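# Sharing a sequence plus its predicted fold:
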Amino acid sequence: MGKILLFLLIASAGIGALARPWIGVHSYYLLAILGPQYIWWWNFEGLRVSFVISICTILGVLYKVLESKYNYQLLINKQNFWVALLWFAIAISYLFGPYATNLPGSLLYAASVIFIFYFISVMEIDRLFKLRILVLIFVVSTIFLTYWANKQYLDMNLMQFNYGRLMGPYSLLGGAIYKDENAFAILFVTGLPFVYYYAWAVKRLWLRCALWLVIPLGWHAVFLTGSRGGLVGLLVIVLLVIFLSKRKFLAMPLILLFLFFFQWQAGDTMKSRSDTIADYDQETSAQMRIDAWTGGMRMIADHPLTGVGLGTFANALPDYHDTAPRVAHNTFMQFAAESGVFAGIAYIAILFNFFRNFRRIHETASSLPEDEESQQINLYNKASFVSFSGLIVCSLFLSLNNYEIFFVLLIISNSLNQICKNLLEGESLVEETEQKKIASALHPQVVDNVHGQRCDQILQNVHRVSGSWGVAAISSRGRFLGPAAEHH
């Protein structure tokens with residue numbers, strides 16, 4: 001029965017993606033964030049769901065390209081330029097990296113699919129209602145996996161724990177998104193801010209409180225993973241939520257609540273690992289990271305243009321430092337060492353551009369009328385900022401090069417930026433139209449004479465022709481204030 005229902009859902013999503021590719025985009029990211037194929041793996045066995053959704057979505061996009069239904073201006077911005085440069089550098093490192101011999105094609109394929117869906121999303125998620133669905137997918141995925149993680153603890157499912165650390169869902173064959181405990185912890189670090197801010201947009205108080213009650217359970221899920229990076233990420237998002245809040249008086253109670261919950265529910269594994277965060281020079285894992293970073297710097301110096309090759313950091317490391325093979329445990333270092341300095345520069349530029357977009361979106365949302373639309377833009381912008389900040393802090397200690405949530409947050413930021421531009425252009429158009437109507441009502445000959453002159457020229461002519469009106473004033477929202485407005 002489960003397989004029949006799943007087949008119907010896949011067929012519906014595939015057909016929908018052919019007609020409206022944004023349906024395929026949302027289906028793809030549901031699979032990439034929630035990972036139902038690894039939670040209920042017995043129903044997905046033998047079905048290439050992600051492949052089917054991807055193909056249908058790409059075919060739908062190609063049809064829209066042939067029909068000239070895309071506005072390619074959506075692709076032209078700084079963020080997309082740096083993302084494209086990062087993709088190009090990765091491809092070059094795969095083809096020409098000195099250690100990139102006999103690499104499986106699946107490496108470049110997996111990376112390229114991530115970038116292809118990013119650019120498809122940029123063109124498809126261009127309206128607020130589409131963005132709402134993507135945010136809802138992130139929120140629901142976070143809530144469900146919070147439930148799932150706590151259920152493993154309550155059921156004492158020891159098969160899901162690796163030396164006392166909770167792993168994410170994985171299939172019988174070992175396939176998983178979050179099998180690594182650190183990757184699972186970062187899901188909650190990035191997802192909980194969206195749960196918190198999404199709750200503010202909910203009108204029913206009981207539902208808002210229910211969403212907020214998920215947050216301490218999400219903290220507990222991170223504690224179960226025993227991830228020190230996840231713990232640091234949690235501290236960052238808690239502090240940033242306080243910083244962005246207008247209710248600063250809640251800062252101390254929230255911090256005390258977090259510390260109390262940590263002492264109460266963190267467990268021996270999390271507490272013992274957290275004790276070593278500051279003592280990096282005495283801790284073996286931290287020293288291994290420093291050795292890897294040292295080797296990575298030498299790789300960059302030796303191969304600045306191509307890097308050592310996509311996915312070859314671990315193999316190359318023993319040649320650059322007297323240590324065992326391992327990944328860089330730093331996302332920037334992994335990008336730059338494997339794919340060259342241009343990949344490293346592109347990655348850093350993406351980070352700076354994201355935070356610049358946050359400020360720009362915040363300023364635009366604050367200037368809009370206070371309604372449901374502007375409130376959602378503001379809340380989504382804050383959620384993505386807090387989430388992205390937590391992710392970047394975690395990426396200082398972890399290699400998250402193919403972590404899809406990174407790209408999801410870039411998509412949300414890009415969409416918010418484009419939505420704000422559309423709103424501003426719409427406001428400008430409405431304002432100019434209303435001003436022309438006012439000018440025409442005051443003296444029809446003015447509009448006939450100016451033939452589409454801009455607003456200030458129209459008003460000058462109106463004042464000159466219709467002196468009895470005094471100074472005609474228009475508010476910033478395009479409303480005529482009349483002759484008395486000059487005194488306010």
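Nice, thanks for sending it over.
# Run through the stretch 301-450 of the chain and note the low-pLDDT ranges.
Applying pLDDT under 70 to the stretch 301-450 of the chain flags residues 426-450.
# Now do the helices for it: every range, in order, please.
Applying DSSP state H, counting those that start in this stretch to the stretch 301-450 of the chain gives helices spanning 313-316, 331-339, 341-367, 372-395, 404-442, 444-450.
# So for Y72, which of these sits nearest?
helix 404-442 (12.7 Å; Cβ to Cβ). Bear in mind the C-beta positions are built from the backbone N, C-alpha and C, glycine included.
# With distance to W148 and mean neighbour count as extra columns, can I get the helices of the stretch 301-450 of the chain in TSV?
TSV is the format used below for those (distance: least, Cβ to Cβ, whole Å; neighbours: other Cβ atoms under 10 Å):
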stretch	distance to W148	mean neighbour count
helix 313-316	30	20
helix 331-339	26	28
helix 341-367	29	18
helix 372-395	20	22
helix 404-442	17	18
helix 444-450	64	14
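# closest to D126 out of the ones you listed?
Across the helices of the stretch 301-450 of the chain (criterion: Cβ to Cβ), the nearest stretch is helix 404-442, sitting at 5.7 Å.
# From the contact counts, what lies against whichever helix or strand C56 is part of?
C56 is part of helix 49-66, with elements assigned from DSSP states H and E. With contacts taken as 3 or more Cβ pairs under 8 Å, 6 or more residues apart in numbering; DSSP states H and E, helix 49-66 sits against helix 2-19, helix 21-33, helix 105-124.
# and those helices, which is most packed in?
For these, the largest average neighbour count (mean count of other Cβ atoms under 10 Å) is found in helix 21-33, namely a mean of 23.
# Identify the residues contacting it?
With contact meaning Cβ atoms under 8 Å, 6 or more residues apart in numbering, helix 21-33 is reached by 13-14, 16-18, 36-37, 49-50, 53-54, 56-57, 60-61, 64, 117, 120-121, 124-125, 130, 133-134, 137-138, 141, 177, 187, 404-405, 408.
# Please repeat the previous calculation with a cut-off of 6 Å.
Helix 21-33 is contacted from outside by 13, 16-17, 50, 53, 56-57, 60-61, 117, 121, 124, 130, 133, 137, 141, 404, using Cβ atoms under 6 Å, 6 or more residues apart in numbering.
# Same question for stretch 198-207.
By Cβ under 6 Å, 6+ apart, the surrounding residues in contact with stretch 198-207 are 139, 208, 211-212, 376, 379.
# can you do 7 Å?
Stretch 198-207 has contacts (Cβ atoms under 7 Å, 6 or more residues apart in numbering) with 135, 139, 208, 211-212, 375-376, 379.
# Check the closest residue in space to I39 that isn't next to it in sequence and give its pLDDT.
Leaving aside its sequence neighbours, I39 sits nearest to P169 (Cβ to Cβ, 6 or more residues apart in numbering; 4.6 Å). In this prediction, P169 carries a pLDDT score of 95.
# Now stretch 114-130: average pLDDT?
For stretch 114-130, mean pLDDT rounds to 95.
# Now do it: distance to the chain's middle.
Taking Cα atoms, centre = their mean, to the nearest Å, one finds the center of stretch 114-130 at 12 Å from the center of the full chain.
# Identify the residues contacting that stretch?
Surrounding stretch 114-130, the residues in contact under the criterion Cβ under 7 Å, 6+ apart are 21-22, 25, 28, 57, 61, 70, 74-75, 80, 83, 87, 131, 134, 373, 376, 402, 404, 407, 410-411, 414-415, 418-419.
# Using JSON lines, lay out the helices of the stretch 301-450 of the chain together with distance to N157.
Output for the helices of the stretch 301-450 of the chain, formatted as JSON lines (distance: least, Cβ to Cβ, whole Å):
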{"stretch": "helix 313-316", "distance to N157": "31"}
{"stretch": "helix 331-339", "distance to N157": "31"}
{"stretch": "helix 341-367", "distance to N157": "37"}
{"stretch": "helix 372-395", "distance to N157": "25"}
{"stretch": "helix 404-442", "distance to N157": "25"}
{"stretch": "helix 444-450", "distance to N157": "74"}
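# out of the ones you listed, nearest to L235?
When these are ranked by distance to L235, counting by Cβ to Cβ, first place goes to helix 372-395 at 8.7 Å.
# quick revisit: give me the phi and psi for the residue nearest to I39.
Main-chain torsions, P169, degrees, to the nearest 10: phi -60, psi 140.
# what about it, neighbour count?
P169 has 23 neighbouring residues, counting by other Cβ atoms under 10 Å.
# What distance do you get for it to D155?
Taking Cβ to Cβ, to the nearest Å as the measure, P169 and D155 are separated by 14 Å.
# closest one to V222 among the helices of the stretch 301-450 of the chain?
Between the helices of the stretch 301-450 of the chain, helix 372-395 lies closest to V222; by Cβ to Cβ that is 10.6 Å.
# separation between L66 and L47?
For L66, the distance to L47 equals 29 Å [Cβ to Cβ].
# These two: which is more packed in?
Taking neighbours as other Cβ under 10 Å, L66 and L47 compare with L47 leading, 14 against 8.
# Could you list which residues are in contact with L158?
With contacts defined as Cβ under 7 Å, 6+ apart, L158 has no neighbours.
# how much space between the residue nearest the centre of the chain and S389?
For the chain, the residue nearest the mean C-alpha position is L409 (0.7 Å; Cα atoms, centre = their mean). L409 is 10 Å from S389, where distance means Cβ to Cβ.
# for R127, same thing?
For R127, the distance to S389 (Cβ to Cβ) stands at 26 Å.
# Now M167: phi and psi?
Dihedral pair for M167: phi -100, psi 160, per degrees, to the nearest 10.
# what helix or strand is the residue nearest to it when sequence neighbours are not counted on?
Nearest non-adjacent residue to M167, counting by Cβ to Cβ, 6+ apart: K179, 5.1 Å away. Assigned by DSSP H and E, K179 belongs to no helix or strand.
# Would you agree K179 is in contact with P169?
No: look at K179 against P169 with Cβ atoms under 7 Å: they stay out of range, at 8.2 Å.
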